[in-house]
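> Please work out how this folds:
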Amino acid sequence: MTDRLRLAVLGDSIAYGTGAARVEDGLGPRLAQVLRSAGIETDLSVLAVPGAASRDLAAQVRRAAPLDADLAVVVIGANDLARFLPVEQAVAALGSAVDGLRAAGTDVVVVPAPDMSSVPFVPPAFRPVVQAACAVLQQRQAEAAQARGAVVAAVSAEVGRAFSTDPALFSADRFHPSSAGYARIAAALAPTVLAAARARRDRRAA
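Just a heads-up that it's a prediction; the model follows:
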């Protein structure tokens with residue numbers, strides 16, 4: 001068995017890295033670098049698709065199957081919110097994706113939907129309503145993921161506060177993160193992803 005960790009990143013445009021100035025500034029490459037800096041040699045596969053909603057995860061899970069990934073990071077929910085897709089459908093699709101990954105022997109870290117109220121073009125008067133809707137989806141996603149054995153990276157509030165106070169974290173489209181924004185997201189996710197990778201490595205060594 002290889003000592004290298006096979007990391008797969010699934011999800012939407014945030015998982016893909018849309019808005020980053022360079023490929024290496026995207027979320028997946030940054031998380032892989034975190035792992036490598038911690039002494040965990042990592043092979044990265046980014047399977048995320050810009051514009052994906054939770055219902056699109058099934059196709060990504062199928063693409064992940066031949067990779068025999070050790071760890072998958074799933075970033076999803078922004079497009080479910082932006083398109084007003086039903087929470088129940090989004091949560092069910094996420095649950096099925098986690099089930100599929102876990103059945104293949106892959107450990108899973110789920111990153112719930114972001115706080116969309118920090119997006120600049122959301123009118124201030126609507127931000128409390130948007131934040132509340134995001135919180136509902138985040139909670140349901142977390143419950144579904146945990147029930148299926150995934151680890152939840154509950155960083156939405158922390159990251160949302162950072163994005164709401166620093167416009168430089170957004171790219172030129174004022175929706176996707178900039179390279180600096182991805183650095184901030186990766187820093188928030190790093191402890192959870194690193195812990196999951198170490199736990200996987202320790203089980204492998206046992």
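
> quick one: strands adjacent to the strand ranked longest in the chain?
As far as residue count goes, and with DSSP state E defining each element, the longest strand of the chain is strand 5-11. Sheet neighbours of strand 5-11, with direction, are listed as strand 42-46 (parallel), strand 71-75 (parallel) (DSSP bridges).

> now these as TSV including mean neighbour count, distance to Ser117 and mean pLDDT?
To be clear about C-beta, it is placed using only N, CA and C from the backbone, and glycine gets the same treatment. Formatted as TSV, these follow (neighbours: other C-beta atoms under 10 Å; distance: least, C-beta to C-beta, whole Å; pLDDT from 0 to 100):
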stretch	mean neighbour count	distance to Ser117	mean pLDDT
strand 42-46	17	27	98
strand 71-75	28	18	98
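
> For those, could you give me TSV that also reports distance to Phe163?
TSV is the format used below for the strands paired with strand 5-11 (distance: least, C-beta to C-beta, whole Å):
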stretch	distance to Phe163
strand 42-46	22
strand 71-75	15
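
> circling back: hey, C-alpha coordinates of the helix or strand immediately after the longest strand of the chain in the chain in CSV?
Later in the chain than strand 5-11, the nearest helix or strand by DSSP states H and E is helix 13-16. Provided in CSV are the C-alpha atoms of helix 13-16 (Å, rounded to 0.1, in the frame of the first residue of the first chain):
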residue,chain,number,x,y,z
SER,A,13,-16.8,26.4,-8.0
ILE,A,14,-15.2,27.1,-4.5
ALA,A,15,-13.9,23.5,-4.5
TYR,A,16,-12.7,24.0,-8.1
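
> which helices and strands does helix 13-16 pack with?
Helices and strands touching helix 13-16, by 3 or more C-beta pairs under 8 Å, 6 or more residues apart in numbering; DSSP states H and E, are helix 27-37, strand 71-75, helix 78-82.

> Tabulate the ones you listed (a markdown table), appending distance to Arg161.
Converted to a markdown table, those look like this (distance: least, C-beta to C-beta, whole Å):
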| stretch | distance to Arg161 |
| --- | --- |
| helix 27-37 | 18 |
| strand 71-75 | 18 |
| helix 78-82 | 17 |
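
> Which among the strands paired with strand 5-11 is found nearest to Arg55?
If you check each of the strands paired with strand 5-11 against Arg55 by C-beta to C-beta, strand 71-75 wins as the nearest, at 13.4 Å.

> so what's Gly105 closest to, chain neighbours aside?
In space, and not counting its chain neighbours, Gly105 is closest to Asp68: 7.5 Å by C-beta to C-beta, 6 or more residues apart in numbering.

> could you check the distance from Ala72 over to Ala21?
As defined by C-beta to C-beta, to the nearest Å, Ala72 lies at a distance of 26 Å from Ala21.
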